[in-house]
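J.: Any chance you can model this:
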Amino acid sequence: MIAIACDHGGYDLKLEIIRYLKDENIEYTDLGCEGRDAVDYPVYARKVTDAIKSGTCEKGILICGTGIGISIAANKVPGIRAALCTDCFCAEATRQHNNANVLALGGRVVGPGLAVKIADTFLHTEFSGAERHQRRIDLIEGDKA
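T.: Here you go, the predicted structure:
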C-alpha cells in the first residue's frame, strides 16, 4: 500500500501519479490535498509519515512545488527516509542504498512523464541489503554511532 499526498503545488502531478498507480494496479491511499488552493505541506507530509509509521502503508509519495519543503518535513519523523528525486538514477540509488521509504517530487520541477518513470523506479527497486548500506542507515537512525 502506497500513501500519497501533496500540497497545492503538487496537486496536478499527484493526479498523474495516481493515474499511473491505478493503471499498474498498485494499491494506494490518497491523503490529500484536494485542490489547488494553498495549503501547508507539513500537514500532508505528516499524514503520509503517520501512515507509514502505523504500518498501514509500506511507502509514500509526497509532492509539493519543488519537493524540498515536503521532504524536509517528512524527514523530521524518526524512521522516515524521504528522498527528493529528479531522475530515475536517484530513485534507484536511494532505494538500493538508503532503503528510502518516501519519494518526494517537485510538481513544478519534474514533468509528468518523467515523474511517473521516477515513481515506477522507486516503487520497483528493492533495498540491496548490503552491510555498508545498512550500517549507514543505522547511523542515520541513531541505532549505532
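J.: Name the helix or strand for the residue nearest the centre of the chain, please.
T.: Among the residues of the chain, the one closest to the centroid is residue 103, at 2.1 Å (CA atoms, centre = their mean). Per DSSP states H and E, residue 103 falls inside strand 102-106.
J.: Parallel or antiparallel, which strands does that strand pair with?
T.: Sheet pairing for strand 102-106, assigned by DSSP bridges, gives strand 59-64 (parallel), strand 82-84 (parallel).
J.: returning to what we had before: just list the residues touching the residue nearest to the centre of the chain, thanks.
T.: 59-62, 82-83, 85, 91, 118-119, 122-123 (CB atoms under 8 Å, 6 or more residues apart in numbering). Yep, even glycine has a C-beta here, placed from its N, CA and C like the rest.
J.: Among those residues, which one has the most neighbours?
T.: residue 62 (30 neighbours; other CB atoms under 10 Å).
J.: ok, and what's touching the helix or strand bottoming out on mean pLDDT in the chain?
T.: Ranked by mean pLDDT, DSSP states H and E, the weakest helix or strand in the chain is helix 131-141, scoring a mean of 95. Helix 131-141 is contacted from outside by 78-79, 81, 96-99, 127, 144-145, using CB under 8 Å, 6+ apart.
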